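Enquirer: this one's sequence-less:
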């Protein structure tokens, strides 16, 4: 049975990665912090492994103790990272430096797995051509718009600079599904009858349902490919108002629609970040998020993914939103 280490296992995507790995028959090791929630990691087949990625020396000792007793991991899915932080420097520390130290340890100690999947993001490449529906393509020069995207791209650059290291980069667009908390804010607003837009031009978005993303990752893990990466979406793109319409229909809600100028949203994001940041927290609407929300083209080319892995999403936005909302309702979130 192949051993798979999944970092960030207690998070939104991580929990689904663990569940699918078990279903596929892998021996799953879920890397967690001491303070991590185990709510979705209760299956007795899961082998929990406390790893401190913030301290390279401690991380090496923890890995060494585990490998001495149970051997190397066959595969690693490095899903640990942050999407919002109270201090901008934490993007760099967690998404880049922690990844760098982890990769260095694996190489220096001869613990390199057969495949190392790094969970990156479409944000590492930045948005597409303004005012266009031309997709972001792999041959385009990366232009990350915010600290999050820059930290992910820096990690990609470092990993790819290490010779013979068997990496694969997964760059999903907006990931949604049960347990997700950022899109949940949007769904909650629609449920309350509020439909807000940023700027007066059209905005084109792309999405990937969490179950499809997880399926894609395991296809990549089992493939013969190495040292390359892909953009991941459901293969479609949607105008922002279409996203709202699908959600309204699923919730059977009527809404009050209004549009805020980008300058106003930027001011709100800046103020929220400063005020909430004083309490050591980070608001959902922040400056890093603003730069992503203000871009009008998040369409990506998924043909390479389809050609290499045969990946075809099972969920379009309508089906995915419906299942997500049903979960929120069942769990009392909506």
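Expert: Arrived safely. This one's a predicted model, so the numbers in the text were calculated from it and none came from an experiment. Numbering: from 1, shown residues only.
Enquirer: state the pLDDT value of residue 309.
Expert: Among the per-residue scores, residue 309 holds a pLDDT of 97.
Enquirer: what about it, distance to residue 228?
Expert: 11 Å (Cβ to Cβ, to the nearest Å). Quick note: C-beta positions are derived from backbone N, CA and C, even for glycine.
Enquirer: okay, the two: which has more neighbours?
Expert: Neighbours per residue, other Cβ atoms under 10 Å: of residue 309 and residue 228, the larger number sits with residue 309, 19 against 13.
Enquirer: wait, isn't that one in contact with residue 221?
Expert: No: applying Cβ atoms under 8 Å, one finds residue 309 not in contact with residue 221, separated by 10.1 Å.
Enquirer: need the contact list for residue 322.
Expert: Residues near residue 322 by Cβ atoms under 8 Å, 6 or more residues apart in numbering: residue 250.
Enquirer: now it: how far from residue 187?
Expert: Distance from residue 322 to residue 187, by Cβ to Cβ: 11 Å.
Enquirer: now residue 37
Expert: Counting by Cβ to Cβ, the gap from residue 37 to residue 187 is 21 Å.
Enquirer: could you do residue 60 as well?
Expert: 42 Å.
Enquirer: likewise residue 41?
Expert: 25 Å.
Enquirer: residue 271 - how many residues pack around it?
Expert: By the criterion of other Cβ under 10 Å, residue 271 has 12 neighbours.
Enquirer: what pairs with the nearest residue to residue 200 once chain neighbours are set aside across the strands?
Expert: Leaving out its chain neighbours, the residue that sits closest to residue 200 by Cβ to Cβ, 6 or more residues apart in numbering is residue 259, at 6.0 Å. In this entry, residue 259 is beta-bridged to residue 197, by DSSP bridges.
Enquirer: show me where pLDDT drops low in the stretch 101-250 of the chain?
Expert: Of all residues in the stretch 101-250 of the chain, none has pLDDT under 70.
Enquirer: torsion angles phi and psi at residue 205?
Expert: phi -120, psi 160 (degrees, to the nearest 10).
Enquirer: mind listing the strands for the protein?
Expert: 3-7, 27-32, 47-50, 75-78, 115-119, 167-172, 174-176, 194-198, 204-205, 207-209, 228-232, 238-239, 256-260 (DSSP state E).
Enquirer: can I get the ones you listed in JSON lines including distance to residue 304?
Expert: JSON lines is the format used below for the strands of the chain (distance: least, Cβ to Cβ, whole Å):
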{"stretch": "strand 3-7", "distance to residue 304": "24"}
{"stretch": "strand 27-32", "distance to residue 304": "28"}
{"stretch": "strand 47-50", "distance to residue 304": "33"}
{"stretch": "strand 75-78", "distance to residue 304": "20"}
{"stretch": "strand 115-119", "distance to residue 304": "16"}
{"stretch": "strand 167-172", "distance to residue 304": "11"}
{"stretch": "strand 174-176", "distance to residue 304": "19"}
{"stretch": "strand 194-198", "distance to residue 304": "30"}
{"stretch": "strand 204-205", "distance to residue 304": "20"}
{"stretch": "strand 207-209", "distance to residue 304": "15"}
{"stretch": "strand 228-232", "distance to residue 304": "6"}
{"stretch": "strand 238-239", "distance to residue 304": "21"}
{"stretch": "strand 256-260", "distance to residue 304": "36"}
